[in-house]
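Asker: The sequence and its predicted three-dimensional model are supplied below.
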Amino acid sequence: MLVTTLLRKKRDGGTLQQDEIEYLIDAYCRGDVTEYQMSAFAMAVAIRGMDPVETATLTRAMLGSGKLLQRPDRGDPLKAERPRVDKHSTGGLGDKVSLILAPLLAVCDLDVPMISGRGLGSTGGTLDKLESIAGFQTQFEADQLDRILADCGAFIASATEHIAPADQKLYALRDVTGTVESVPLITASILSKKLAANLDALVMDVKVGHAGFMKTPERALELAKSLVRVGGEAGLPTTAWLTDMDQPLGEAVGNAIEVNESVEVLQGASGAVRDLTIELCADLLVRTKVANDLESARSILAQRLDSGLAMERFERMVVAQGGKLTGTLPLAATHPILAPQQGYLSHFDCAAIGDAVVCLGGGRRKVGDRIDHQVGIRVHGRIGDFFEKSQPVMTLHCSATQAEQYSKLLADSFSLSSQSVEPRPLVLERLGIPDPE
Ligand code: URA
């Protein structure tokens, strides 16, 4: 098979056959298809798209480039039967749900082998956030991951080299060739890794809005449908939630600051982060039959948070991954951004907030950049909240020089309206297996 023939076919809008896609992925992993040929393929798919059959085939081929995580029978008949579940978010500003969700589900008799990523660009990565905790490790061999899962019911770690290696290569390429925002490529990338984790159920949090990479409800819906369809066809029952990403999720944006907010939620704090975490977890509890209906699922989850059980499990997982939590993580010095006049919060420029965190050193401009875990931003309200003149709307954690440099940009990153503003709904839509209620 000639790779240039396949590239021309996709370039001209043709449909690739199963053997063609399998050949391409296989040859790419062997090194017989070059990075520049694969870049051309990614761009052709980003422009021309793929039909659902091609997308499913690409997903399976990328899954097949690696191995499945094993599900060892632990000898303990009670533990051996724990369903395996996971949540994946398409990424958003201040999205720290994974840090809370994994230990919370683990104390609800589910196993959560969470393979997570690093941040590149303005949305942070779960692994970077967790590395704010001294000693926390994210790279393990498969047998070590098995042991952590057996002990804690959850881990949050990076993909081993055996988990969908084709995706690891292709994702790095997409990042630098402007081909991330493609529904078939995102579908295959996410699901190849989730299928490799050998799960019983998956919930996808598809972010809609300016702080995510699906900016409009139409694009987010297209991605959600693709994930639900391809996941289901590959034997992984998948639901997708469309959730608001036109404002930060919760108050904290950064690394250590997001761990601190996650700990607050694990200790019972209320707000958008807790609400969304409970909704996504409740979906999984009902689908795995741990709870009979959403109402009872929500009350089990609230109890596990309020009793401190989920927090204890988080601490256990942190220790199992080499870290130690000794109270609130230290942050850089504080610099408030005040409301220039009184009014209702009506708009956030999420891109500006995300970019500011990157510029402060809290994110990466390019692969390999070092992260400053102590910088970040606390946003003190959500859209619709009222602020008095001179009340802090945000607090920056950074050096005095950085505060001088970025205060103006951040003061321009929100608007206050004299008219009252409706709060935005957190959840816009749920797709997939029929609503359990
Ligand atoms: N997250 C992934 O894992 N892959 C993508 O392509 C996009 C987001």
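Answerer: Received, thanks.
Asker: quick one: secondary structure of the closest residue to the ligand within the stretch 101-250 of the chain?
Answerer: Nearest to the ligand in the stretch 101-250 of the chain, going by CB to the nearest ligand atom, is Ser189, at a distance of 3.4 Å. For glycine as for every other residue, the C-beta is placed from the backbone atoms N, C-alpha and C. Taken by DSSP: H, G, I helix; E, B strand; the rest coil, the conformation at Ser189 corresponds to helix.
Asker: Heading C-terminal from the helix or strand bottoming out on mean pLDDT in the chain, find the next helix or strand.
Answerer: Of all helical and strand segments in the chain, the minimum by mean pLDDT, DSSP states H and E falls on helix 77-80, at a mean of 54. Counting by DSSP states H and E, the next helix or strand C-terminal to helix 77-80 is strand 85-89.
Asker: on that earlier part again, quick one, what contacts the residue of the stretch 101-250 of the chain closest to the ligand?
Answerer: 62, 167, 170-171, 174 (CB atoms under 8 Å, 6 or more residues apart in numbering).
Asker: go on, Thr326?
Answerer: By CB under 8 Å, 6+ apart, the neighbours of Thr326 are Ala134.
Asker: what about it, which helix or strand?
Answerer: Secondary structure (DSSP H and E) places Thr326 outside all helices and strands.
Asker: What helix or strand is the residue nearest to Ile186 when sequence neighbours are not counted located in?
Answerer: Take Ile186 and drop its neighbours on the chain: the residue closest to it by CB to CB, 6 or more residues apart in numbering is Leu223, 6.1 Å away. Using DSSP H and E, Leu223 falls within helix 217-233.
Asker: could you dump whichever helix or strand comes after that helix to PDB, C-alpha only?
Answerer: Next helix or strand after helix 217-233 toward the C-terminus (DSSP H and E): strand 238-244. Extracted as PDB, the C-alpha positions of strand 238-244 are listed here (Å, rounded to 0.1, in the frame of the first residue of the first chain):
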ATOM      1  CA  THR A 238     -20.500   6.100  27.200                       C
ATOM      2  CA  THR A 239     -22.600   9.100  28.100                       C
ATOM      3  CA  ALA A 240     -21.600  12.600  27.300                       C
ATOM      4  CA  TRP A 241     -22.500  15.700  29.200                       C
ATOM      5  CA  LEU A 242     -22.300  19.100  27.600                       C
ATOM      6  CA  THR A 243     -21.300  21.600  30.400                       C
ATOM      7  CA  ASP A 244     -20.700  25.300  30.400                       C
END
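Asker: Redo the contacts of Ser189 as TSV? Include secondary structure.
Answerer: Converted to TSV, the contacts of Ser189 look like this (three-state DSSP):
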residue	secondary structure
Met62	helix
Asp167	helix
Leu170	helix
Tyr171	helix
Arg174	helix
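Asker: The stretch 1-150 of the chain: helices as residue ranges?
Answerer: 3-11, 18-30, 35-48, 52-64, 77-80, 97-106, 126-130, 142-152 (DSSP state H, counting those that start in this stretch).
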